[in-house]
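Engineer: sharing a sequence plus its predicted fold:
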Amino acid sequence: MTTIDFGRVPKTKPYLFADALEIWAGLSNHGPVSKTDAHSLILTSVTDATELLDIDEPDLDDNEYPDGDSGSEISSREQRYIDECYRQLEYRINEFSDVYPFTLQSEVLKLKDDLSDLNMLYLFLLLASRSRTFGGNRGLTQRIANVFEEVCKDSLQKLMNSDARVIMFGPTSEDRGALFDSNLRRALPKLASFMGMTMAPDWSPSAEKAQGDGKIDLVGVQRLDQAQGGWNVFIGQCAAMEEEKNWEPKRAQADIKFHASRFHFTVPAQAVMFIPVCFRQPDGLWVNKGSADNVILMDRVRILRNFGGDEDSVEKVREFIQREFAIGEMTTAAA
């Protein structure tokens, strides 16, 4: 059985607090969760560094709240955290509709009994959003990242035209071995040709490591004709991470300008950033609109909207959830 350790629960960030409750309700042995359970999660959580008291604020009773706060003030504050979390859950019910794998009745969050393919995909994106919860399971975080890239590849394929080709550039992917080279120094010039580009005049193979993906996860190319270059190119990064501070560097790596020392391009490629987090406020807007600058940000909402339903990806998600979390057989989603 997969072990779960919640550790830090960002109670002041409703979109992340809601993820913790969903994991507790759907991917643990706890079962349905209520607002009382949400409160217990606050009490047992390790406090986020951003929520710690200033050094000049006394906390003699060590309850992580200023000593000047009364018990009623603390209770009121914690209740606001829970209420905001439930607003986020209600948003998800409306936004995801049948794709949402939970029910929320009488303030109790419960996993549905019959789960469709898209319900299972939601659960996978949920656990990918908080993979640190499962950090005690050897190799699980990397297995989550590998399957997440498969899901992102399928989503990028649907985002582009049907005649576009999307490849995974990770060193262990089938695409890398079949189309390029396991050695990054030899793979990059082949990738440049695939994108309709050339290598930068001053690029040198010695500047690259022989192993790795060169900070490139996915590439999508739509060849408009046989002319070299000027094609529709997407460079994608996949970040199975929880918070902006962790996946922000990957957003920069998706920008073709990050690779200017490697590739010479006549038309900039479009940057795409895939995150499994539901990066939304209850009104459906971004939690931080600045995080979507200069990139097509594909969060949980957009990934599920743009999932092409590739049978191979569906099967990998199904097998992963059943193997790692022992969740029962899925029913087929209605067309």
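Structural biologist: Yes, it's here. Residues are numbered from 1 along each chain as shown.

Engineer: how about the nearest residue to Cys152, chain neighbours excluded?
Structural biologist: Using Cβ to Cβ, 6 or more residues apart in numbering and skipping the chain neighbours, the partner closest in space to Cys152 is Phe274 (4.2 Å). C-beta here means a position set from N, CA and C on the backbone, and glycine is covered the same way.

Engineer: same check on Gln281?
Structural biologist: Val287 (5.9 Å).

Engineer: could you check the pLDDT of that neighbour?
Structural biologist: pLDDT recorded at Val287 is 94.

Engineer: doesn't Cys278 make contact with it?
Structural biologist: No: assessed by Cβ atoms under 8 Å, Val287 is found out of contact with Cys278, at 9.2 Å.

Engineer: between these two, tell me which one has more neighbours.
Structural biologist: Cys278 (25 against 17; other Cβ atoms under 10 Å).

Engineer: ranges for the strands of the stretch 151-300 of the chain?
Structural biologist: Using DSSP state E, counting those that start in this stretch, the strands found in the stretch 151-300 of the chain span residues 165-168, 198-199, 218-222, 232-238, 263-264, 270-274, 296-298.

Engineer: in TSV, list those strands along with mean pLDDT and mean neighbour count.
Structural biologist: Formatted as TSV, the strands of the stretch 151-300 of the chain follow (pLDDT from 0 to 100; neighbours: other Cβ atoms under 10 Å):
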stretch	mean pLDDT	mean neighbour count
strand 165-168	96	20
strand 198-199	94	16
strand 218-222	96	21
strand 232-238	94	25
strand 263-264	92	17
strand 270-274	93	24
strand 296-298	94	20
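
Engineer: how about JSON lines for those strands, with distance to Ser72 added?
Structural biologist: Below are the strands of the stretch 151-300 of the chain laid out as JSON lines (distance: least, Cβ to Cβ, whole Å):
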{"stretch": "strand 165-168", "distance to Ser72": "54"}
{"stretch": "strand 198-199", "distance to Ser72": "66"}
{"stretch": "strand 218-222", "distance to Ser72": "51"}
{"stretch": "strand 232-238", "distance to Ser72": "45"}
{"stretch": "strand 263-264", "distance to Ser72": "61"}
{"stretch": "strand 270-274", "distance to Ser72": "43"}
{"stretch": "strand 296-298", "distance to Ser72": "40"}
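
Engineer: among those, which comes closest to Lys245?
Structural biologist: With Cβ to Cβ, the closest approach to Lys245 among the strands of the stretch 151-300 of the chain belongs to strand 270-274: 14.4 Å.

Engineer: ok, the closest one: who's next to it in the sheet?
Structural biologist: For strand 270-274, the paired strands and their directions (DSSP bridges) are strand 232-238 (parallel), strand 296-298 (parallel).

Engineer: and these as TSV, adding distance to Glu107?
Structural biologist: Shown next, in TSV, are these (distance: least, Cβ to Cβ, whole Å):
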stretch	distance to Glu107
strand 232-238	35
strand 296-298	31
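
Engineer: figure out which of those strands is closest to Arg323.
Structural biologist: strand 232-238 (21.0 Å).
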